[in-house]
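# Prediction below, plus the sequence it came from.
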Number of protein chains: 2
Amino acid sequence: MTTLGRKVVILGTGLIGGSLAAAGRAAGLFDHVVGVGRSRENLEAALAAGIIDELSQRPADALEGADLVIVAAPADACTMLLGVAAEHTDANCVLTDVASVKVPVCEEAVRLDVADRFVGAHPMAGSTRSGAAAADASLFAGRTTVLTPLLTTAESARSLVRRMWEAVGAHTLELDADVHDALVARASHLPQMVAFCLSALAERSSDRDRLRALVASGFIDTTRLAGSDPAMWRAIARLNCEYIVAAMDELSELWTELRAAIAGADESALDRIMKDARSFRRDIES
Amino acid sequence: MTTLGRKVVILGTGLIGGSLAAAGRAAGLFDHVVGVGRSRENLEAALAAGIIDELSQRPADALEGADLVIVAAPADACTMLLGVAAEHTDANCVLTDVASVKVPVCEEAVRLDVADRFVGAHPMAGSTRSGAAAADASLFAGRTTVLTPLLTTAESARSLVRRMWEAVGAHTLELDADVHDALVARASHLPQMVAFCLSALAERSSDRDRLRALVASGFIDTTRLAGSDPAMWRAIARLNCEYIVAAMDELSELWTELRAAIAGADESALDRIMKDARSFRRDIES
């Protein structure tokens, strides 16, 4: 496989950026990778691990002559960093990102007039660990990466970013940014909100300590997400507010239906919900 | 340790009954264990595994001369089987069960006039596997078993059942049956209902197949319970209806609070919920 560009710059060399650097390196995609980030210690770890060739804490310098820039920062920092990347690269440089909410960054690409060379991406993969030290070249294998090109995005940019994700083992799926954001509100943000509520409800209970003694694997699995980083979720809640609220309302409706089935001992209504739940669950397990 | 009785009868030798037989045997608690159940194949598996000494499909005969009877059937069968056990045992025989909802079976013990020798129990342990073949002598190690003796329960019966659970590695916690049922509604039944709703909502979505492509570990963990046995949950929903509905309403209130925080971009309200969620979560992980 030919490489995707001589100089690749990764803005944010944390878990996702670091894993993409490692996977791209393993797949022979990149000639020279420059890692840029705020934490020198983290960049040095990435350099020591051999997943980047050069580190920099000066984005403007690092970006000079780049063929491909991957913005791999937290969701709320991606729009700002896209602006930095747009400013310091020339018109042949392809820009992409990994933010988990796509409308704001795609709108920013239009505003910055780089829509022709920007392809938003969101790899559906993660870990409870963070930083370059947790980088894992197999993180994306078998996972879906959503791509959100714009109508005006050049086919060359679109295919370059798609080739990159497929080369590191991901399935790619192209979606409009707003369709993506509505879907992740239900597939990812809604389970997160549920986990926060279940766990916070237990914390606030007057019987908290006895509840603590009684929780078993069911509660533990269902609330695993409750330990997630609040700063990240503060940003996602803001960036994807509208779709999250809509998804929360959809769940409320079904919750009301389930409550009525239980309160009214309506076994067939309860069965319908359980049957649908098992059907989707079986499908995602297969 | 002296044994708890010469003849122990386990009515229902599935995962819980079989695991208790195996763990009790390993701890030297039982002289002679008779397994009773509907499935001959399951009983033969238990006999072959050496966790019971004798199998029977005739409860009345099996119960004759028993010193201890453990009713280890699904929650909705426990009250009926307690009646069978009460009828065919004498006044010195201690009766216990493992139902996950305690008020109905405790009320039945009073009605049957065996409250003096009945101690309800609920081990907070389980598995997605079932049957004697899945029996695991370490299933209860380090877990909590709630005991719900009645005011009129004899101290000898109470201490015998407590000794049994502690000998197989469980921590015991004595609670009133209604306090137990209110707590498990929140610790166990509420996560179950949440998992059913999250998964059923995805199944019913017009974007079902794209959602299926996007679900990642967060959704998968949060809905693991959605695959649970519908018959069991139909029974639990009926037996613990009142407390489950109350717990669902508590969650609805917090859900409304979280929705308002997100819709109104009220970060401090969102932070309060996330902080409480993380606090409980950290505590159950430690």
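Arrived safely, thanks for sending.
# contacting residues around the residue nearest to residue A:243 when sequence neighbours are not counted?
The shortest distance from residue A:243 to any non-neighbouring residue, by Cβ to Cβ, 6 or more residues apart in numbering or on different chains, is to residue A:185 (3.8 Å). Where you see a C-beta, it was placed from the backbone N, CA and C, and this is true even at glycine. Residue A:185 makes contact with A:240, A:243-244, A:246-247, according to Cβ atoms under 8 Å, 6 or more residues apart in numbering or on different chains.
# Now intersect the residues you listed with the strands, please.
Using DSSP state E, no member of these falls in strands.
# could I get these as TSV with pLDDT?
Formatted as TSV, these follow (pLDDT from 0 to 100):
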residue	pLDDT
A:240	98
A:243	98
A:244	98
A:246	98
A:247	98
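# So what's the residue count around the closest residue to residue A:227 other than its chain neighbours?
What sits nearest to residue A:227 in space, not counting adjacent residues and going by Cβ to Cβ, 6+ apart, is residue B:281, at 4.6 Å. Residues near residue B:281, counting by other Cβ atoms under 10 Å in any protein chain shown, number 25.
# Distance check, residue B:281 against residue A:199.
Distance, residue B:281 to residue A:199, using Cβ to Cβ, to the nearest Å: 5 Å.
# Identify the contacts common to those two.
Joint contacts of residue B:281 and residue A:199 (Cβ under 8 Å, 6+ apart) are A:223, A:226.
# residues of whichever strand or helix holds residue A:198 that come out buried?
Remark: residue A:198 resides in helix A:190-204, with elements defined by DSSP states H and E. With burial defined by 16 or more other Cβ atoms under 10 Å in any protein chain shown, the residues of helix A:190-204 counted as buried are A:190-204.
# check the residues you listed against chain B, which are close?
Among the buried residues of helix A:190-204, the residues within reach of chain B (Cβ under 8 Å from any Cβ of the partner chain) are A:190-204.
# Leaving out chain neighbours, which residue sits closest to residue A:187?
Leaving out its chain neighbours, residue A:187 is closest to residue B:214 (Cβ to Cβ, 6+ apart), at 4.3 Å.
# which ones are touching that neighbour?
Contacts of residue B:214 by Cβ under 8 Å, 6+ apart are A:124, A:144, A:146, A:173, A:183-184, A:187-188.
# likewise residue A:240?
The contact partners of residue A:240, by Cβ under 8 Å, 6+ apart, come to A:101, A:103, A:181, A:184-185, A:189.
# Helix, strand, or coil at the nearest residue to it once chain neighbours are set aside?
Closest residue in space to residue A:240, ignoring its immediate chain neighbours: residue A:101 at 4.5 Å, by Cβ to Cβ, 6+ apart. Put simply, residue A:101 is coil when judged by DSSP: H, G, I helix; E, B strand; the rest coil.
# so what's residue A:101 up against?
Residues near residue A:101 by Cβ under 8 Å, 6+ apart: A:75, A:181, A:184, A:236, A:239-240.
# so after the longest helix belonging to chain A, what's the next helix or strand?
What stands out as the longest helix in chain A, according to DSSP state H, is helix A:241-263. Going down the chain from helix A:241-263, the next helix or strand is helix A:267-285, by DSSP H and E.
# Buried residues, that following helix. List them.
For helix A:267-285, the neighbour count (16+ other Cβ under 10 Å) marks A:270, A:272-274, A:276-281, A:284 as buried.
# so what does it touch, helix or strand wise?
Where contact means 3 or more Cβ pairs under 8 Å, 6 or more residues apart in numbering or on different chains; DSSP states H and E, helix A:267-285 is packed against helix A:241-263, helix B:190-204, helix B:208-214, helix B:230-239.
# so the second one versus helix A:241-263, what angle?
Meaning helix B:190-204. Counting by axes from the mean of the first three to the mean of the last three Cα atoms, to 10 degrees, helix B:190-204 lies at 120 degrees to helix A:241-263.
# Kindly report the same for the last one.
Helix B:230-239 runs at 80 degrees relative to helix A:241-263, counting by the same axes, to 10 degrees.
# State the mean pLDDT of helix B:230-239.
Across helix B:230-239, pLDDT averages out at 95.
# which helices and strands does it pack with?
helix A:267-285, helix B:75-87.
# Secondary structure element holding residue A:38?
Using DSSP H and E, residue A:38 sits in no helix or strand.
# excluding its backbone neighbours, what's nearest it?
Of all residues not flanking residue A:38 in the chain, residue A:57 sits nearest, at 7.4 Å (Cβ to Cβ, 6+ apart).
# How about residue A:123?
In space, residue A:123 is closest to residue A:145, 4.4 Å off (Cβ to Cβ, 6+ apart).
# measure that neighbour to residue B:98 for me?
Per Cβ to Cβ, residue A:145 is found 46 Å from residue B:98.
# cool, and residue A:144?
Applying Cβ to Cβ, the value for residue A:144 to residue B:98 is 42 Å.
# So between those two, which is more surrounded?
residue B:98 (24 against 20).
# thinking again about what came up before, quick one: which of the contacts of residue B:214 sit in helices?
Within the contacts of residue B:214, residues falling in helices by DSSP H are A:183-184.
# Can you select the buried ones among the contacts of residue B:214 for me in PyMOL?
Buried residues among the contacts of residue B:214 (16+ other Cβ under 10 Å), as a PyMOL selection:
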select buried, chain A and resi 124+144+146+173+183+184+187+188
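# Now, the contacts of residue B:214 that are in strands?
Among the contacts of residue B:214, DSSP E puts A:144, A:146, A:173 in strands.
# List the beta-bridge partners for the second one.
The partner list for residue A:146 in beta bridges (DSSP bridges) reads residue A:122, residue A:173.
# Can you pull the poorly scored residue ranges out of the stretch 51-200 of chain A?
Along the stretch 51-200 of chain A, the parts satisfying pLDDT under 70 run over A:128.
# mind running it again at 80?
Low-confidence segments of the stretch 51-200 of chain A, defined by pLDDT under 80: A:126-129.
# residues in it within reach of chain B, list them.
Counting by Cβ under 8 Å from any Cβ, the residues of the stretch 51-200 of chain A close to chain B are A:124-126, A:143-144, A:146, A:171, A:173, A:175, A:179, A:182-184, A:186-188, A:190-200.
# Would you point out which residue is most central in chain A?
Compute the mean C-alpha point of chain A, and by Cα atoms, centre = their mean the closest residue is residue A:100, 3.7 Å away.
# Touching, it and residue A:183? I think so.
No: taking Cβ atoms under 8 Å as the definition, residue A:100 is not a contact partner of residue A:183, at 11.4 Å.
# how about residue A:6, secondary structure?
State at residue A:6, reduced to three classes by three-state DSSP: strand.
# my read: residue A:187 touches residue B:215, true?
Yes: between residue A:187 and residue B:215 there is a contact at 4.9 Å, judged by Cβ under 8 Å.
# what touches both of those two?
Contacts common to residue A:187 and residue B:215, judged by Cβ under 8 Å, 6+ apart, are residue B:202.
# Remind me what the strand or helix carrying residue A:161 packs against, helices and strands.
Per DSSP H and E: residue A:161 is located in helix A:155-167. Helix A:155-167 is packed against strand A:94-97, strand A:118-123, strand A:144-149, strand A:171-174, with contacts defined by 3+ Cβ pairs under 8 Å, 6+ apart.
# That helix: which residues count as buried?
A:157-158, A:160-165, A:167.
# Enumerate every residue touching residue A:78.
Residue A:78 is in contact with A:71, A:97-99, A:104-105, counting by Cβ under 8 Å, 6+ apart.
# The residue nearest to residue A:54 when sequence neighbours are not counted: what's it in contact with?
With sequence-adjacent residues excluded and distances taken as Cβ to Cβ, 6+ apart, residue A:54 is closest to residue A:34, at 4.7 Å. With contact set as Cβ under 8 Å, 6+ apart, residue A:34 has these partners: A:7-10, A:52-56, A:62, A:66.
# and residue A:10, helix, strand or coil?
strand.
# Could you check how many residues crowd around it?
30.
# so it touches residue A:72, yeah?
Yes: counting by Cβ under 8 Å, residue A:10 does reach residue A:72; the two are 5.7 Å apart.
# shared neighbours, the two?
By the contact definition Cβ under 8 Å, 6+ apart, residue A:10 and residue A:72 are jointly contacted by A:17, A:20.
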